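K.L.:
got a predicted model here, sequence first, then my questions.
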Amino acid sequence: MGAVQRQGMAALITLMSLALAAGLALWLPWGIAGTAGLGAFCILMWASGAVPEHLTGLIFFAVAILSGLAVPEVVLGDFPPRPSGCCSGGW
């Protein structure tokens, strides 16, 4: 897949996810609708390979925290509390 096709697919996925969130926001609270849109965005980006997987993960964390869909303690809750946890396996 060429770069132009990837950019087009990423734009289409972004628009579809925003439309999903906006449509659901008519009936559901924004927190639920926004989370559904973000979830659809990430699943479609990972499945299509429109952007590298690490960027999709970074976008997920950034949007979830900065938009207020979840507090940072919830989004980053599974990470070790200190850097030495990565080296010692969390012990």
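P.N.:
Alright, I've got the coordinates. This one's a predicted model, so the numbers in the text were calculated from it and none came from an experiment.

K.L.:
neighbours of the nearest residue to V75 once chain neighbours are set aside, how many?
P.N.:
Spatial nearest neighbour of V75, chain neighbours left out: A64 (5.0 Å); criterion: C-beta to C-beta, 6 or more residues apart in numbering. (Each C-beta comes from the backbone N, C-alpha and C, glycine too.) Around A64 there are 21 other residues, counting by other C-beta atoms under 10 Å.

K.L.:
same question, L38
P.N.:
By other C-beta under 10 Å, the residues close to L38 number 20.

K.L.:
for the residue nearest to V75, list the residues it contacts.
P.N.:
A64 is in contact with 38, 70, 75, counting by C-beta atoms under 8 Å, 6 or more residues apart in numbering.

K.L.:
okay, and for the chain, where does confidence drop off?
P.N.:
Residues of the chain that meet the criterion pLDDT under 70 lie in 1, 80-91.

K.L.:
still on that earlier bit, tell me the one of the contacts of A64 nearest A50?
P.N.:
L38 (15.6 Å; C-beta to C-beta).

K.L.:
so what's that closest one closest to, chain neighbours aside?
P.N.:
That would be V63: by C-beta to C-beta, 6+ apart, it lies 5.7 Å from L38.

K.L.:
which SS class is that neighbour?
P.N.:
Look at V63: counting by DSSP: H, G, I helix; E, B strand; the rest coil, its state is helix.

K.L.:
rewinding a little: can you add secondary structure and distance to A3 and give the contacts of A64 back as TSV?
P.N.:
TSV is the format used below for the contacts of A64 (DSSP: H, G, I helix; E, B strand; the rest coil; distance: C-beta to C-beta, whole Å):
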residue	secondary structure	distance to A3
L38	helix	25
A70	coil	33
V75	helix	30
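
K.L.:
cheers, nothing more for now.
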